[in-house]
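Peer 1: This is a predicted model, with the sequence first.
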Amino acid sequence: MKVLITGATGFLGEKLALHLHDEGLEVLATGRNLAKAQGLITKGIRFKQADLTDQTSVQNLVKNQHQIIHCAALSSPWGKYEAFYQANVVATENLLQAALAEGLERFIHLSTPALYFSQSSRLNVREDAEQVAPQNAYIATKRLAEQRVDDAYAQGLATISLRPRAIYGPGDSSILPRLLKRLEQGRLPILGDGQNLVDLSYVDNVVDAVLLAVDAPEHCLGKKYNITNGEAVRLWDKIFTLCDLLHLKRPRRKVPKQLALVMARAMEIVYGSLPRQPEPPLTRYTVGLLVHSMTLDISAAQKELSYEPRVSTDEGLERFLASWPYEAWSYET
């Protein structure tokens, strides 16, 4: 089977490309990071650079493929709407149209549970839960992208959308590295009461979910599925554990939620007024992620996709730390 993986030079996409290649599938990878692309090529994976916002480029990319696993996205709590729209909506539209034209067997879309985000705690959230007004351009455009997937399903394309929560593991260049940098610099106070519950998704568990979606039975088509490790954890307890294992000082100063939101809003105004509008040190979205509880109900994926997380949250953190370049830090171990 021939599988196109977009975003294959990103964290999840790279893991998927390597796994599917090892399983003997004919993988065509595309992505923005040409240095990582060379790593895929050396492993025997075919790579083709393409502008996903260009219809002709996408049509050429999709020719002769059987399935698409669409991991590519612009994911950030801050940025200009048009950049998110092009990367998350236009790119998805082009891929869907090309998939329909080519009669592809399946389209697996990597979406996000950020669609459920609100400035309040939400526990055991199901896929059909209410979605409030998007808090930023990323959420707004990922919602539109899902709607485009729904439209393509209505036109006859076999689609499945997955919503993995906070993917981490060896090779993560976003969530844990950014967190550890703040901790190493002593720039992360405890936001809120420090008792909030969250779900995380170890990268190998998400890979398993994608593979299940690739072969899922017909009754799964057109649906969305939450994906996590299946165990709610106290976020700040895990942060403290990371501090202890890496010999970093635990955050001790507490900042109440409302004060944190005021600070974040002030930073957004200041940084938004600068010529290049760089990302503020703190945004209201980030405050919400660190303050509120957010856990997902994965029973649909378990029942319909036969998804069962193999790697626990703690084991996943251990694997990440085992791969972490300790020499990058300024402290002595």
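Peer 2: That came in fine, so what should we check first? Residues are numbered from 1 along each chain as shown.

Peer 1: so where do the helices sit in this structure?
Peer 2: For the chain, applying DSSP state H gives helices covering 11-22, 34-42, 55-62, 81-84, 91-102, 137-154, 175-184, 203-214, 235-245, 257-272, 284-291, 299-304, 313-323.

Peer 1: Would you mind giving those as CSV with distance to residue 49 and mean pLDDT added?
Peer 2: In this view, the C-beta of every residue, glycine as well, is placed from N, C-alpha and C. Shown next, in CSV, are the helices of the chain (distance: least, Cβ to Cβ, whole Å; pLDDT from 0 to 100):
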stretch, distance to residue 49, mean pLDDT
helix 11-22, 14, 97
helix 34-42, 7, 95
helix 55-62, 9, 97
helix 81-84, 19, 97
helix 91-102, 14, 98
helix 137-154, 22, 98
helix 175-184, 26, 90
helix 203-214, 23, 98
helix 235-245, 36, 94
helix 257-272, 32, 96
helix 284-291, 31, 95
helix 299-304, 33, 98
helix 313-323, 28, 93
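
Peer 1: okay if I get the ones you listed as CSV plus distance to residue 123?
Peer 2: Putting the helices of the chain into CSV (distance: least, Cβ to Cβ, whole Å) gives the following:
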stretch, distance to residue 123
helix 11-22, 25
helix 34-42, 37
helix 55-62, 39
helix 81-84, 28
helix 91-102, 30
helix 137-154, 19
helix 175-184, 21
helix 203-214, 20
helix 235-245, 14
helix 257-272, 17
helix 284-291, 14
helix 299-304, 14
helix 313-323, 17
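
Peer 1: and of those helices, who's closest to residue 128?
Peer 2: helix 299-304 (9.3 Å; Cβ to Cβ).

Peer 1: What are the contacting residues of that closest one?
Peer 2: 126-127, 209, 212, 216-217, 219-220, 223, 225-227, 230, 307-308 (Cβ atoms under 8 Å, 6 or more residues apart in numbering).

Peer 1: if we go to 10 Å?
Peer 2: 124, 126-128, 160, 162-164, 209, 212-213, 216-217, 219-220, 223-228, 230, 307-309 (Cβ atoms under 10 Å, 6 or more residues apart in numbering).

Peer 1: roughly how far out does it sit from the chain middle?
Peer 2: When C-alpha coordinates are averaged (Cα atoms, centre = their mean, to the nearest Å), helix 299-304 and its chain have centres 20 Å apart.
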